[in-house]
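Trainee: sequence and predicted structure below; questions after.
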Amino acid sequence: MLQKFTSLFPIWAIILSAVALLHPGTFLPYNKAIPFLLGLVMFGMGMTLTLRDFLLVFKRPKVVIIGTVLQYTLMPLAGFSIARTLDLSPELTAGVVLLGCCPGGTASNVICYLAKGDVALSIVLTSVSTLISFIMTPLLTWIYMGQTIEVDTYGMLISILQIVIVPVVLGIAINSLLGVRIRNIRHFFPALSIATIVFIISIIMATNRETVISAGILVTTAVIVHNLLGLASGYGLSRLMGLSEIEARTIGIEVGMQNSGLSVALAIKHFTAAAALPGALFSIWHNISGSFAASYWAERNISE
């Protein structure tokens, strides 16, 4: 039952987004709760990890380094280039760039499994990019946007520590210490994370109702192109660098699927509500595109 609920994530996101646009008052009272809600998602991610999961960093450092470098080079550059090409407003440009500067999203682990990729590698890549995001995300956002708008890099660093790092580390600690005792409830956390992300998306849609209506097609185009470029370039460059088919699939999915919830929370706190719109749309789209990519890859034979 829980697995079926999780697999229908894009459908729930679309339905509740439509409800939010038609009846924004239902979700508007909760707009200040987004950082807490995202922290809950990150805690759920930590509850699925143990310190043993990070051993892959030492066993296959080359693959982990390539995946992490591609994550923090391709997506910020692609986001900046797309926003400039489409001549988005400064607020929406900040949102797209911030989205590109965020770490990999937790949904990538599920998509990787469906695509017959390397799930252990996917988990490590997500975890590593998340743990260094408190430095990389503020720094890269400042590099790309610091000359256009004011970027509070220190404030953003503190926010990521509070919203991401502390909940993830707390989840890892609890899972490592009480792993056997909480085994029966651990499978509830992915479903809880999905439900929380859908709720966050609905709040953003309600908050940005007018912006969605007026600039929806343009922003949606930016989000779709951004995601597809990440998937394709992450996979293609990995193959060019000599990685295996399975490793390339895993990195392609990891690069293309961002932690859009984090971009939403940071945009609202450090920029504007409009800057959160790309992240909210990305939350819906990257799960749809990821599902199609997983279906395509799952049907292909793995030659190496």
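Mentor: Thanks, I have it. Keep in mind that what you see is a predicted model, and the values were worked out from it rather than measured.

Trainee: where does the stretch 201-304 of the chain have low pLDDT?
Mentor: Counting by pLDDT under 70, the ranges of the stretch 201-304 of the chain that qualify are 211-212, 214-216, 301-304.

Trainee: the helices in it, which residues?
Mentor: Applying DSSP state H, counting those that start in this stretch to the stretch 201-304 of the chain gives helices spanning 209-240, 245-256, 260-270, 277-298.

Trainee: of all those helices, which lies closest to Gly44?
Mentor: Smallest distance to Gly44 across the helices of the stretch 201-304 of the chain (Cβ to Cβ): 11.4 Å, for helix 260-270. Quick note: C-beta positions are derived from backbone N, CA and C, even for glycine.

Trainee: what's the neighbour count on the spatially closest residue to Gly155 that is not a sequence neighbour?
Mentor: Leaving aside its chain neighbours, Gly155 sits nearest to His270 (6.0 Å; criterion: Cβ to Cβ, 6 or more residues apart in numbering). For His270, the neighbour count with other Cβ atoms under 10 Å is 20.

Trainee: cool, and Glu91?
Mentor: Applying other Cβ under 10 Å, we find 18 residues neighbouring Glu91.

Trainee: sorry, back to before: mind listing what the residue nearest to Gly155 touches?
Mentor: With contacts defined as Cβ atoms under 8 Å, 6 or more residues apart in numbering, His270 is in contact with 151-152, 155-156, 159.

Trainee: again, only using 7 Å
Mentor: 152, 155-156 (Cβ atoms under 7 Å, 6 or more residues apart in numbering).

Trainee: for it, give its distance to Ala107.
Mentor: 24 Å (Cβ to Cβ, to the nearest Å).

Trainee: repeat for Val164
Mentor: 15 Å.

Trainee: can you tell me the centre-most residue of the protein?
Mentor: The structure's the chain has its C-alpha centroid closest to Asn259; by Cα atoms, centre = their mean the separation is 1.7 Å.

Trainee: what about the nearest residue to Gly25 once chain neighbours are set aside, neighbour count?
Mentor: Excluding its sequence neighbours, the residue lying closest to Gly25 (Cβ to Cβ, 6+ apart) is Ala206, at 7.6 Å. Neighbours of Ala206 under the rule other Cβ under 10 Å: 24.

Trainee: over to Leu178?
Mentor: Count around Leu178 with other Cβ under 10 Å applied: 12.

Trainee: cool, Leu28 as well?
Mentor: Around Leu28 there are 13 residues (other Cβ under 10 Å).

Trainee: ok, now how distant is it from Ala195?
Mentor: 19 Å.

Trainee: residues in contact with Pro76?
Mentor: Pro76 neighbours (Cβ under 7 Å, 6+ apart): 97, 100-101, 140, 144.

Trainee: how many residues are close by the spatially closest residue to Trp297 that is not a sequence neighbour?
Mentor: Nearest residue to Trp297, sequence neighbours excluded (Cβ to Cβ, 6+ apart): Ala115, at 4.1 Å. Number of residues near Ala115 (other Cβ under 10 Å) recorded here: 26.

Trainee: correct me if wrong: Ala115 contacts Ala293.
Mentor: Yes: counting by Cβ atoms under 7 Å, Ala115 touches Ala293, with 6.4 Å between them.

Trainee: shared neighbours of those two, anything?
Mentor: With Cβ under 7 Å, 6+ apart, Ala115 and Ala293 have common neighbours Ile253.

Trainee: what is the helix or strand hosting Ile11 packed up against?
Mentor: Secondary structure from DSSP states H and E places Ile11 in helix 9-22. When contacts are defined as 3 or more Cβ pairs under 7 Å, 6 or more residues apart in numbering; DSSP states H and E, helix 9-22 sits against helix 188-207, helix 277-298.
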